[in-house]
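Trainee: what would the 3D arrangement of this be:
(chains A and B)
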Amino acid sequence: MSYLPYAVAAWLFLVGLYGVATSRNLIHMTVCLSVMQSSTYVLLLAIGYKTGGTAPIFLGIRSNARAVDPVVQALALTDIVVSVTVMALVLALALDVHKQTGTVDPDKIADFSG
Amino acid sequence: MDWLLPVAVAIPLTGAALTAAVGQWLRRPLLDLLAIATSTATLVVTLIVLVHTQAHDTLHWLGGWSPRHGQAIGIAFYAGPLDAGMAVLVAILMTASLVFSWSYIRAGGRFYRTLMLAFLAAMCGFALSADVFNMFVWFELMGVAAYALSGYRVEQLGPLQGAINFAITNSVGSFMLLTGIALLYGRTGALNLAQMGKALSVRGPDGLTIVAFALIVSGFLVKSAIVPFHMWVADAHAVAPAPVCVLFAGVEIQLGLLGIARIYWTVFEAPFGVHASAVRGVLLGVGLATALLGAVMCFLQRHLKRLLAYSAISFAGIMLVGIALLDAKSLAGTAHMVLSHGLLEGGLFLACGVLLQQLESIDELTLHGRGRKLPWLGVLFALGGIGLIGAPYVGTFLGHSLIEDGAREHGHGWVDPLVAIAAGISSGAVLRAGARVFLGWGPAEDPLLTAQPPEEPPERKKSPIGMMAASTGALVLLGVVMSVVPGLEDRVVHGADRFRDRHAYVDFILKGHERAPGPAAPYVVHPATAASLGWSGLSVVVALAAALLGLCWRRIPQAALRILARTLGPPVRGLRSVHSGIPGDYVTWITVGAALVGGVWAVTLR
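Mentor: As a prediction, the model looks like this:
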């Protein structure tokens, strides 16, 4: 089992986090969020991976065949559905911000503070 | 009765789908009736479950996939008294909010009702889940519904900012949560809480478990408004419609805390139980910091909903303290405080909604003395403030006294004065605002308080006020009497005891062994301990002093004021500038917080 996928997951998480924290553009920030989310896909799939395993469809293969873990794949799918909803919502809000102010810089719309 | 657990989630989900599907053909009163009926039905179901849990734990395996040979293979809903109680509180607040919305949200209210019912389903689902990934899914649905609800009035800039900050920070939190869950699945091969706890009890703590624990707790801390993860809260709560704020401040934050408590006692107590002091230290630290910082920020607000949001943050800190002490009595205190605080804070937010609709402002100074037109609302507002202080046998008192007694019994008595002072300061700010709005006390200008952009009232005044008054009054009055409900104390303590009993939980979930029901508790109100009455007295004194100081600080002699400005000015200005309203800054603070929590545990949990 290689450590590479775990390293990739950690790197995606951190680089996405850095992007969200420093972004000056709401669209860019949303993309950074989706980079962070990608790290969870990689992590989930890496956890369920088995060297030499087939897809977990137990039809037409030996019942004791080596297959990767189907649970994490279901989790990743659910995760994708959730993330699409959040992205759509944030992008819609960003559009509204742009309509009202002509900017998508989160620093310039900080109406409430303190 | 076990089959009722998924019904409590299915009813609001069906209602949400119905309002979305047929909403455009229904006239508004019918749509409202449908939403209120759905929420009331959920309330009835959760109440039946709560009554049932008094004697028996309740468990339902979806699709009948019950454990085989002690191995969980399906997804379960589980309710003990505290979980069911949480679901009941959610349903009460949702019903009150929807009744309030009858005349508060009239234009474009179709998807509002759909979102509210989806939010209700998600919160009930989260409260009743016994499976960690299922908890995550409900957590996300709760989040998405909440982001949309907080930004409901997209024609104003404030709600957009609040909703964006809310969505960005909470998404980062939920990625942390999911990463933690994935790591834990990799270690245990299970998603059922009992199964995970069982797997971890075989092995001691190791690096991976600690990282997973830190990530999961940090994810929940973002939702539960704990310093330094809390900054989005004030932005989102200040701009959401008042009936939505009721749920944000009354149950959403607290569900994050429930997540931490449940995951600690079902899963992580096994490996970390021997290092309980390390877990306690970190949670106690951030809890107390939250209680005090939230109270100070609360005192500095003039935007009433933002003031209440900081008061909710301060109380979230106190509730975390009750969990962090890791004993049954303090946990019972937190459970009771969630109940009484949810009702009171909810009532106060609704009162703000009435103010906004009738007087077209939500600013303490603009409203100076104008509340005299609504004397009944003033009485409710004052009752709400007094209830929050925790004066003897009023409102949150029982919660305070249980947390403080628990702390003292286990040698952490130094926590008590800090908790009492925090509650005093934040409730004092509520009393000050009430006195200024409804009595016209104090000056109409105050440079100490932070100005915020105004909020546009939802409708013109013509809409009838009766239903708004009824739901506001019901929440405040219910909240005020919560400390003198006969038998409630015994039941909450008993519930907390069962909540913490991991072995009985694992045996019940995986093997179906029911624990023996205890003797029925009598319906009495126990006299409070002398010490808790004393701390309650301190809270009252601090609250009155804070309210008085807020109203007439200009009468302090100039020389003393100058010294105060020199010593307190810089830290207060610093605190204000930290709450910058910029999501990137908030995420940076979340990262710092998670690194701190994880770093300390990496050193101490071995």
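
Trainee: residues in contact with the residue in the stretch 201-350 of chain B that chain A sits nearest to?
Mentor: The nearest approach of the stretch 201-350 of chain B to chain A comes at residue B:235, 5.2 Å away (CB to the nearest CB). (C-beta placed from N, C-alpha, C; glycine too.) Taking CB atoms under 8 Å, 6 or more residues apart in numbering or on different chains, we find residue B:235 in contact with A:112, B:161, B:162, B:165, B:166, B:581.

Trainee: which helix or strand contains it?
Mentor: When elements are assigned from DSSP states H and E, residue B:235 belongs to helix B:232-239.

Trainee: restricting to C-alpha, output that helix in CSV.
Mentor: Output of helix B:232-239 as CSV, limited to C-alpha atoms (Å, rounded to 0.1, in the frame of the first residue of the first chain):
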residue,chain,number,x,y,z
TRP,B,232,-19.4,33.5,11.5
VAL,B,233,-22.1,33.3,14.1
ALA,B,234,-22.8,37.0,14.7
ASP,B,235,-22.7,37.8,11.0
ALA,B,236,-25.2,35.0,10.1
HIS,B,237,-27.5,35.5,13.1
ALA,B,238,-27.7,39.3,12.7
VAL,B,239,-29.0,39.1,9.1
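
Trainee: show me what the following helix or strand past it is packed against.
Mentor: Where DSSP H and E defines the elements, the next helix or strand beyond helix B:232-239 is helix B:242-247. If contacts are counted by 3 or more CB pairs under 8 Å, 6 or more residues apart in numbering or on different chains; DSSP states H and E, helix B:242-247 sits against helix B:81-104, helix B:110-128, helix B:132-150, helix B:304-324, helix B:328-359.

Trainee: can you list the weak-confidence ranges in the chain?
Mentor: Because you didn't say which chain, this covers chain A. Counting by pLDDT under 70, the ranges of chain A that qualify are A:1.

Trainee: that was the other one, I meant chain B.
Mentor: B:107-109, B:459-463.

Trainee: and the residue of it that's closest to chain A?
Mentor: Using CB to the nearest CB, the closest approach of chain B to chain A is made by residue B:581 at 3.4 Å.

Trainee: rewinding a little: would JSON lines of the helices and strands packed on helix B:242-247 with distance to chain A be doable?
Mentor: Shown next, in JSON lines, are these (distance: least, CB to the nearest CB, whole Å):
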{"stretch": "helix B:81-104", "distance to chain A": "21"}
{"stretch": "helix B:110-128", "distance to chain A": "11"}
{"stretch": "helix B:132-150", "distance to chain A": "4"}
{"stretch": "helix B:304-324", "distance to chain A": "7"}
{"stretch": "helix B:328-359", "distance to chain A": "15"}
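
Trainee: these into a markdown table, with extra columns for mean neighbour count?
Mentor: Output for the helices and strands packed on helix B:242-247, formatted as a markdown table (neighbours: other CB atoms under 10 Å in any protein chain shown):
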| stretch | mean neighbour count |
| --- | --- |
| helix B:81-104 | 26 |
| helix B:110-128 | 26 |
| helix B:132-150 | 24 |
| helix B:304-324 | 29 |
| helix B:328-359 | 27 |
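
Trainee: as TSV, the ones you listed with distance to residue B:202 would be great.
Mentor: Listed next are these as TSV, based on distance: least, CB to CB, whole Å:
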stretch	distance to residue B:202
helix B:81-104	26
helix B:110-128	28
helix B:132-150	18
helix B:304-324	26
helix B:328-359	26
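
Trainee: of those helices, give the one that comes closest to residue B:282.
Mentor: Closest of the helices and strands packed on helix B:242-247 to residue B:282 is helix B:304-324, at 8.0 Å (criterion: CB to CB).

Trainee: for the closest one, name the packing helices and strands.
Mentor: If contacts are counted by 3+ CB pairs under 8 Å, 6+ apart, helix B:304-324 sits against helix B:232-239, helix B:242-247, helix B:253-263, helix B:276-299, helix B:328-359, helix B:397-409, helix B:415-434.
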